[in-house]
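>>> The sequence and its predicted three-dimensional model are supplied below.
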Amino acid sequence: MIKQNHLISGTALLFLAMIFPGCAPEPNKSQKSDVPDLPPATVETDAHDHPSEGPHHGHLIELGKEEYHAEFVHNEKNGTVTIYILDGTAKKVVPIDAKEIVINLKHDGRGEQFKLTALPDKGDPEGQSSRFVSKDKELNEDLDAKDADARLALRIAGKSYSGKIEHDHGSHDHKH
């Protein structure tokens, strides 16, 4: 008889659970989200883990999705434009096997192309360079045009990269 009572009690509880399904506490619907909960370390942000200027105090140019950076240094006193190729953190130079890289510049409704020649830096392996230089007077002048739109174009390890060159267009203040 004892076994039968347990069977009846179990059946009665099952029956009651079917009749009153709302008795169990429901999760708060306002807390539900289509976005899964992720630990903070896996959430992507717009914050960059690199400095705002390069190691040579130049403007940074993002290449790819921050795979690399280039540092743009415009020395108006000696009339040079120097580009340094940097890693994804924009802290270390990356020598590449190019003899030259290109700046495509548009202003006054026309486009021009300027080549910067490899000038290997100390420590660059033979046949590679992390530094590219131009002393082209026209490039120096055109970079300061108000409507100048300049982009760097180069290849690193067989892949093409392009990045916008941000420039102050003559509003430099180098008094440190």
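Sure thing, it's come through.

>>> Quick one, grab the pLDDT at K164.
At K164, the pLDDT value in this model is 96.

>>> Could you pull up the residues touching it?
By Cβ atoms under 8 Å, 6 or more residues apart in numbering, the residues touching K164 are I61, D149, A150, R151, L152. The C-beta positions use only the backbone N, C-alpha and C, and glycine is treated the same way.

>>> go on, T82?
For T82, the contacting residues are H56, G58, F72, V73, N75, L116, R131, F132, V133, by Cβ under 8 Å, 6+ apart.

>>> can we see that at 6 Å?
By Cβ atoms under 6 Å, 6 or more residues apart in numbering, the contact list for T82 reads V73, V133.

>>> SS state for it?
strand (DSSP: H, G, I helix; E, B strand; the rest coil).

>>> one step back: out of the contacts of K164, which two sit at the greatest distance?
Greatest spacing in the contacts of K164, by Cβ to Cβ: I61 and D149 (13.4 Å).

>>> Compare the two (neighbour count), which wins?
In this view I61 and D149 are compared by other Cβ atoms under 10 Å, and I61 has more residues nearby, 24 against 13.

>>> The more buried one reaches A70, doesn't it?
Yes - using Cβ atoms under 6 Å, I61 is in contact with A70, at 4.2 Å.

>>> shared neighbours of these two, which are they?
Counting by Cβ under 6 Å, 6+ apart, the shared contacts of I61 and A70 are L152.

>>> for this protein, what are the low-confidence residue spans?
Applying pLDDT under 70 to the chain flags residues 1-51, 167-176.

>>> could you pull out the strands for it?
59-63, 68-75, 80-86, 100-107, 110-118, 131-134, 149-156, 159-165 (DSSP state E).

>>> Which residues belonging to the longest one are considered buried?
To tie it back to what came earlier, the one meant is strand 110-118. F114, L116, A118 (16 or more other Cβ atoms under 10 Å).

>>> Reformat the residues you listed as TSV; add distance to L105.
Compiled in TSV, the buried residues of strand 110-118 are given as follows (distance: Cβ to Cβ, whole Å):
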residue	distance to L105
F114	7
L116	12
A118	20
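
>>> Now flag whichever of these is closest to T80.
L116 (9.6 Å).
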